[in-house]
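>>> Everything below, folded, please.
(chains A, B, C and D)
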Number of protein chains: 2
Amino acid sequence: MRWLDEREQRVWRRYLLMTSQLAAQMNRQLAADAGLSLADYEVLVRLTDVPAGRLRVTRLARDLSWEQSRLSHHVSRMARRGLVAREECADDGRGALVALTEQGRAAIERAAPAHVAFVRASVFDALTDAQVDTLDAILGSVLSGLR
Amino acid sequence: MRWLDEREQRVWRRYLLMTSQLAAQMNRQLAADAGLSLADYEVLVRLTDVPAGRLRVTRLARDLSWEQSRLSHHVSRMARRGLVAREECADDGRGALVALTEQGRAAIERAAPAHVAFVRASVFDALTDAQVDTLDAILGSVLSGLR
DNA sequence: TTAAGCTAGATGACATGTCAAGCAGATCTG
DNA sequence: CAGATCTGCTTGACATGTCATCTAGCTTAA
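Purely as a prediction, here's the structure:
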């Protein structure tokens, strides 16, 4: 049984700390700016990206790499707040579409500039170009191992 | 307003994906092996690290970089499951100690080998030494910007 | 064409996390 | 030394996420 050495432990603890702090601060900023969570933001971004402004539930879940039931619950909550709307699917009687509402579009347009500025300031501006390249490689290696 | 360029967007999305997948898999593995969550594991590790096996609530929260109320709720849940116990603090009438129980110690001893093996396999074994160094630097830079 | 099985989604139960408020025991100050 | 304030911790309300299960609409094969 091989444990983590000193350096590995330090890196690992800092990894856990950094990821949780970064997520917490993004959540707080989005909440303050536009009453959104990071999860809301991700859903809205994806919907904004497609011309029709609507996607099938399964497709959206796959795009976001979310579990389907998580998305279903989340859509319910977002619908209650008027950020998205559920629509029937003509093709498939079982299907459902999640559609961006005007209010949802307004919310993400309000939130996006400060959110992007925060990501830029706290991540990309803090790193050299070479570090970003290495980070990309690291993410790729770890991700491919996870599948 | 400067948005993220192609490469930055790709890295950022992969960052969000990788961090969430890694956390999800760690949680699943810990749950399967020992009925623990990653949060439980972190609490138990910290308590195991101190000789007395008990810490003041505030101290533990600070060590973990958790909000105090999160820890309080979490300790309640862990106490209900017998993993830790709350104790009175002799020094300070307001204070409370969180103490590792036998059952808590048994749980972490059961969980640790596979958990460490998973972290090693999915992270450290997937990276070169130079990548780990760069990761360390990246974590440091971003963290210092977050405070 | 119909019964078996598959697929899309929703839901209930429950664990987790955040924020704001509450409470009781320290501490400080006039 | 008595009120004001601060501190350590808990609690309630509520948002979020997971797992298991349910339902209804498709699909397929005898």
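
>>> what about the lengthiest helix in chain A and DNA strand D, any contact?
With secondary structure taken from DSSP state H, chain A has its longest helix at helix A:6-34. No. Between helix A:6-34 and DNA strand D, judged by C-beta under 7 Å from any atom of the strand, nothing touches; the nearest distance is 8.4 Å. For the C-beta atoms, the positions are set from N, CA and C on the backbone; glycine is no exception.

>>> quick check, that helix touching chain B?
Yes. Under the criterion of C-beta under 8 Å from any C-beta of the partner chain, chain B is reached by helix A:6-34 at A:7-8, A:10-12, A:14-23, A:25.

>>> Pick the one among these closest to DNA strand D.
Nearest to DNA strand D among the residues of helix A:6-34 next to chain B is A:A23, at 9.2 Å by C-beta to the nearest atom of the strand.

>>> Pull the number of nearby residues for the residue nearest to that closest one when sequence neighbours are not counted.
Excluding its sequence neighbours, the residue lying closest to A:A23 (C-beta to C-beta, 6 or more residues apart in numbering or on different chains) is A:L38, at 6.6 Å. For A:L38, the neighbour count with other C-beta atoms under 10 Å in any protein chain shown is 18.

>>> State the pLDDT value of A:L38.
Note for A:L38: predicted pLDDT of 98.

>>> could you say what helices and strands the longest helix of chain A packs with?
For helix A:6-34, the elements it packs on are helix A:38-49, helix A:102-122, helix B:6-34, helix B:129-146, judged by 3 or more C-beta pairs under 8 Å, 6 or more residues apart in numbering or on different chains; DSSP states H and E.

>>> For it, which residues meet the burial criterion?
By 16 or more other C-beta atoms under 10 Å in any protein chain shown, the buried positions in helix A:6-34 come out as A:8, A:11-12, A:14-16, A:18-19, A:21-22, A:26-27, A:29-30, A:33-34.

>>> and what of stretch A:140-147?
For stretch A:140-147, the buried set under the neighbour-count rule, 16+ other C-beta under 10 Å, comprises A:141-143.

>>> is DNA strand D contacted by it?
No. If you take C-beta under 7 Å from any atom of the strand as the test, stretch A:140-147 misses DNA strand D, and the best it gets is 13.6 Å.

>>> what is the rounded mean pLDDT of that stretch?
For stretch A:140-147, mean pLDDT is 96.

>>> Pick out the residue in chain A sitting closest to DNA strand D.
Counting by C-beta to the nearest atom of the strand, chain A gets nearest DNA strand D through A:G93, at 2.4 Å.

>>> Now do that residue, the pLDDT please.
pLDDT, read off for A:G93, is 96.

>>> With A:Q103 instead?
For A:Q103, the model assigns a pLDDT of 98.

>>> Run a quick neighbour tally on A:A121.
Count around A:A121 with other C-beta under 10 Å applied: 11.
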